[in-house]
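Q: From the sequence below, what's the structure:
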Amino acid sequence: MLAATAEFPDLDEIIRDANPERTAKAVRRLGVLFAQNAAQFNPQHVAVFDGVLKGLLTHSDSEVRAELALHLASLVNAPPSVVRELVHDDAIRICGPLLKNSPLVDERTLIEIARIKGQQHLLAISKRDAISPNITDVIVSRGERTVVRSVARNDTAAFSEQGYTSLVQRAADDGILAVMVGQREDLPAPLLQKLLSESADLVRRKIFEAASPERKTRIAKTIVEMSGDGPTQEVRRDFSAAQGAVLVLHKAGR
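A: Presented below is the predicted three-dimensional model:
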């Protein structure tokens, strides 16, 4: 007999009764039971949990739903219809763990939520592993400063050319974001040059200092190339960043 049925022989009665206390207790115990034994359950077991929990959730309060979401957030075989319901919840304490971690939340769902939900939802999505350019395009377009910095900091996030262009534009008045974007290994060379050219000298130095050794070489070359381009400016410029870049190249024999 399925573990859930053995644990709760009166589940049908609990669902019909909809007593808040009994329902909460059942959801909590089933959530723990599923999380502890998920690796042992086959698709038929998962389907039973899915149907039972979906029925119980109808009568569950936000605290119980949030606890269940935490139990299911990282499971590859979590009850699918339960995950779909919880991930669309407006309360970030319920949907947040699933938006950030659940392997069952597909790209289409993430894009849909990113387009219509609030900044906390966007922030949770921005922390996922391996976010596609289709998703980051929406995040960069709709996200406020904290959200955009978060997705720029995410090394596993991928960006389209338009996404990177938007990031560079937003970095023009956000030095912290500029440093984050400047460290990204996949930033196209023309956009790296644009980022550096539009950054203040102090920000440019921080971009250089925060970069990996390999990245510093690329940044240094870009700064040196920029220092020799264009007409002479009447405004006195600080070329210490370019001088530092030259020293790095010289020490590397380049």
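Q: the longest helix in this structure is where?
A: helix 20-37 (DSSP state H).
Q: any idea of the mean pLDDT for that helix?
A: Helix 20-37 carries an average pLDDT of 91.
Q: Stretch 80-97 too?
A: Mean pLDDT, stretch 80-97: 98.
Q: before we move on, back to that, by contact count, what packs against the longest helix of the chain?
A: helix 3-7, helix 11-17, helix 43-57, helix 62-72 (3 or more Cβ pairs under 8 Å, 6 or more residues apart in numbering; DSSP states H and E). (Glycine included, C-beta is placed from N, CA and C.)
Q: Within the helices and strands, which one has the nearest residue to G175 once chain neighbours are set aside?
A: Leaving aside its chain neighbours, G175 sits nearest to V203 (4.3 Å; criterion: Cβ to Cβ, 6 or more residues apart in numbering). Assigned by DSSP states H and E, V203 belongs to helix 201-210.
Q: And V138, by the same measure?
A: helix 133-142.
Q: for D90, same thing?
A: Using DSSP H and E, no helix or strand contains D90.
Q: Please apply the same query to the one 4 residues further on.
A: Per DSSP H and E: I94 is located in helix 92-101.
Q: after that helix, next one along is what?
A: Taking DSSP H and E, what comes next after helix 92-101 is helix 107-116.
Q: can you state the direction angle for that next one and helix 133-142?
A: 10 degrees (axes from the mean of the first three to the mean of the last three Cα atoms, to 10 degrees).
Q: List the buried residues of helix 107-116.
A: T109, L110, I111, I113, A114 (16 or more other Cβ atoms under 10 Å).
Q: which one among those gets closest to Q193?
A: Lowest distance from Q193 to the buried residues of helix 107-116 (Cβ to Cβ) belongs to A114, with 29.8 Å.
Q: low-scoring pLDDT stretches of the stretch 101-250 of the chain, where are they?
A: Along the stretch 101-250 of the chain, the model assigns pLDDT under 70 to residues 228-248, 250.
Q: would you list every one of the helices in it?
A: Shown for the stretch 101-250 of the chain, the helices assigned by DSSP state H, counting those that start in this stretch span residues 107-116, 119-126, 133-142, 145-153, 161-171, 175-182, 189-197, 201-210, 213-227, 240-251.
Q: packing partners for the fifth one?
A: Meaning helix 161-171. Counting contacts by 3+ Cβ pairs under 8 Å, 6+ apart, helix 161-171 packs against helix 133-142, helix 145-153, helix 175-182, helix 189-197.
Q: ok now the first one, how far from the chain's centre?
A: On the basis of Cα atoms, centre = their mean, to the nearest Å, the separation between the geometric centre of helix 133-142 and that of its chain is 11 Å.
Q: who's in contact with that helix?
A: Applying Cβ atoms under 8 Å, 6 or more residues apart in numbering, the contact partners of helix 133-142 are 107, 110-111, 114-115, 122, 125-126, 131, 147-148, 151, 157-160, 162-163, 166-167, 170.
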